[in-house]
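**Student:** pasting the structure only:
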């Protein structure tokens, strides 16, 4: 009874924090009024999670309602996990932007310099004139964005990959070297730190070179994610500085409308881009999308690796390695599925949300406004991005189930890396 | 002084709440989402009540101090009532969502129980409420300045921090008791929650007599804590078992054989 001597396990507060698999807290006084008997969720969910390795090998699908029910529950947890995987980078980006806005005064200083995309000034005498100017600025900005997007889609359709790559490389060069140099300079000025040019040169060179490699070629996933967050933050800061006040708010409103139109309508340029990428079974360019899971892999399995237009060296490697990992993946289909899938969010959305929060932080000295914008964006704007992969997943599972259970099982183990099912958007 | 005050007040105000978050909520994505959704609901309730207050202030007589004070009291009472209304609305929404999930999954169990939702949503309300109360004060406490240089109390920052901690924990307890009362259709308990919330908010009108406002608030906090503990299924026996590490259910749930 008092088995503390013979017990090897130490129950202290550290081990008590081990996360249990059952989400339902055990009830000490089972209350007959409350609906679910608390004993069953533990068993049910444990069965659900441990089902995969066992059932995957054993039966080719199990009993249908049970499998489906467990899949529904796992889909919900899967969806929740991916929402969190988006919350974290969006939060980080906003934190970087807000921290900079609040500390480095450069980005909130009034300047007469404006971007060429917003030529109309807001230093006018009357309110009506100012409103008119901001609307005109918005029209110009949105038309520039639309034209550029259509241009990109046309280039992609006609397979001018080199041009697109060159364009993306040029823009990320500018962001990683020039904007970060400016940013570093302003931070040093704010904190009154003395610094010499050779040191700054070395820092910026290292930062930029590693960033280029991570974003356009290969690098550890988290480093790539960090760089994407940083360049989104830098871009957002530039917009916050150089967009005049009213134009910024009108542009934000117009961009959200345009975003909806471009992604949802069948002729929208973004939708066409995504569909073309799906048809060709290629992932979208890395410099435009934040992905929460590994897309390229050297060593991790994805049979689609060989279909990508990559340098020969990597194709050979992935050819060679596609077989053993796929066998390995049969044992852990759940990990495989969750790691290959991930969820993607366009960098434009990062920039958009950060500009919103940054403007809220810059406009009032009030922290309450910033907090309110932050929570509102997290709840309203982020969860819809997890719907397409979820929808895609369920769609495929259902389709394959009707065809053959064996195919459905195979799908569990080797999901292809497709992006968005257009029917689900 | 300023950095010490800033960090001290931040940790006083948010320490227990962040500890609760890290140890019980951070690992479960579903709970985090419901926490943030709860915070959003509180935010919407505040938006509505501030809208009403703002309009009423604009149409009032700005010179009369008595009228402004009366409007403030009216604003506080309205805000409390709206917050509790939104708590009820969140409860209804979660019940519906849970039922929807049940029918969808054809099972008898839910991935997250209503008690966990009560705790998480209460904490979400608390986080947002506490943040709105104290974040501007914290931002000012980091900068140059002297507290109460014009003759006001010198304990402003500290008492604000303590009040915030009490409010955050109270929101969590209120959430647990409220949801439990709604589940069991005990409307007197719901009324008690609303009345205690009103009481705590109106106690703040005693400021700058901080002793008069803080001590009763902490008494109410303790009482609500005990009530929430019992309504969540706790008891003295459970507490003893848990503290002496003999509780089989808890150990089983954490995979500890005993």
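**Tutor:** All right, it came through fine. All values derive from a computational prediction rather than experimental measurement.
**Student:** Now do residue A:41, the pLDDT please.
**Tutor:** pLDDT, residue A:41: 38.
**Student:** and if you look at residue B:100?
**Tutor:** On the pLDDT scale, residue B:100 is placed at 78.
**Student:** In the chain, where is pLDDT below threshold?
**Tutor:** In the absence of a named chain, this looks at chain A. A:1-74, A:294-341, A:389-397, A:399-425 (pLDDT under 70).
**Student:** actually it's chain B I care about, not the one you picked
**Tutor:** B:1, B:104-110, B:247, B:249-258.
**Student:** for the top helix by length along it, packing partners?
**Tutor:** When chain B is parsed with DSSP state H, its longest helix is helix B:65-105. Under the contact definition 3 or more Cβ pairs under 8 Å, 6 or more residues apart in numbering or on different chains; DSSP states H and E, helix B:65-105 sits against helix A:64-103, helix B:29-58, helix B:114-141, helix B:156-183, helix B:187-203. (C-beta placed from N, C-alpha, C; glycine too.)
**Student:** can you list the ones you listed in a markdown table and add distance to residue B:232 and mean neighbour count?
**Tutor:** What follows is these, written out as a markdown table (distance: least, Cβ to Cβ, whole Å; neighbours: other Cβ atoms under 10 Å in any protein chain shown):
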| stretch | distance to residue B:232 | mean neighbour count |
| --- | --- | --- |
| helix A:64-103 | 23 | 19 |
| helix B:29-58 | 15 | 19 |
| helix B:114-141 | 6 | 23 |
| helix B:156-183 | 6 | 23 |
| helix B:187-203 | 13 | 16 |
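**Student:** Turn these into JSON lines, columns for distance to residue B:15.
**Tutor:** Listed next are those as JSON lines, based on distance: least, Cβ to Cβ, whole Å:
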{"stretch": "helix A:64-103", "distance to residue B:15": "20"}
{"stretch": "helix B:29-58", "distance to residue B:15": "17"}
{"stretch": "helix B:114-141", "distance to residue B:15": "11"}
{"stretch": "helix B:156-183", "distance to residue B:15": "7"}
{"stretch": "helix B:187-203", "distance to residue B:15": "20"}
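**Student:** Can you check which of these gets nearest to residue A:288?
**Tutor:** Each of these was scored for nearness to residue A:288 using Cβ to Cβ, and the closest is helix A:64-103 (14.8 Å).
**Student:** after that closest one comes which helix or strand?
**Tutor:** Downstream of helix A:64-103, the next assigned helix or strand under DSSP states H and E is helix A:127-157.
**Student:** just checking, what packs against that next one?
**Tutor:** Contacts defined by 3+ Cβ pairs under 8 Å, 6+ apart place helix A:127-157 against helix A:161-173, helix A:245-264, helix A:269-279.
**Student:** returning to what we had before: nearest to residue B:8 among the helices and strands packed on helix B:65-105 would be which one?
**Tutor:** Ranking the helices and strands packed on helix B:65-105 by proximity to residue B:8 (Cβ to Cβ) places helix B:156-183 first, at 7.5 Å.
**Student:** so the closest one versus helix B:29-58, what angle?
**Tutor:** Computed with axes from the mean of the first three to the mean of the last three Cα atoms, to 10 degrees, the direction of helix B:156-183 lies at 110 degrees from that of helix B:29-58.
**Student:** Show me which residues of the helix or strand harbouring residue B:15 are buried.
**Tutor:** Following DSSP H and E, one finds residue B:15 within helix B:2-20. Within helix B:2-20, the residues that qualify as buried are B:5, B:6, B:9, B:10, B:12, B:13, B:14, B:16, B:17, B:20, counting by 16 or more other Cβ atoms under 10 Å in any protein chain shown.
**Student:** Tabulate the residues you listed in JSON lines, adding columns for distance to residue B:193.
**Tutor:** Output for the buried residues of helix B:2-20, formatted as JSON lines (distance: Cβ to Cβ, whole Å):
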{"residue": "B:5", "distance to residue B:193": "34"}
{"residue": "B:6", "distance to residue B:193": "33"}
{"residue": "B:9", "distance to residue B:193": "28"}
{"residue": "B:10", "distance to residue B:193": "28"}
{"residue": "B:12", "distance to residue B:193": "25"}
{"residue": "B:13", "distance to residue B:193": "22"}
{"residue": "B:14", "distance to residue B:193": "23"}
{"residue": "B:16", "distance to residue B:193": "20"}
{"residue": "B:17", "distance to residue B:193": "19"}
{"residue": "B:20", "distance to residue B:193": "19"}
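**Student:** For residue B:90, see how far away the most centrally placed residue in chain B is.
**Tutor:** Among the residues of chain B, the one closest to the centroid is residue B:171, at 2.2 Å (Cα atoms, centre = their mean). Distance, residue B:171 to residue B:90, by Cβ to Cβ, to the nearest Å: 12 Å.
**Student:** residues contacting the closest residue to residue A:102 other than its chain neighbours?
**Tutor:** Spatial nearest neighbour of residue A:102, chain neighbours left out: residue A:361 (6.3 Å); criterion: Cβ to Cβ, 6 or more residues apart in numbering or on different chains. Shown in contact with residue A:361 (Cβ atoms under 8 Å, 6 or more residues apart in numbering or on different chains): A:97, A:98, A:101, A:102, A:367, A:369, A:370.
**Student:** cutoff 7 Å now
**Tutor:** For residue A:361, the contacting residues are A:98, A:101, A:102, A:370, by Cβ atoms under 7 Å, 6 or more residues apart in numbering or on different chains.
**Student:** Now do the phi/psi pair for the nearest residue to the first one once chain neighbours are set aside.
**Tutor:** Once its chain neighbours are removed from consideration, residue A:98 has its nearest residue in residue A:361; the separation is 4.8 Å (Cβ to Cβ, 6+ apart). Backbone dihedrals for residue A:361, given as degrees, to the nearest 10, come out at phi -70, psi -30.
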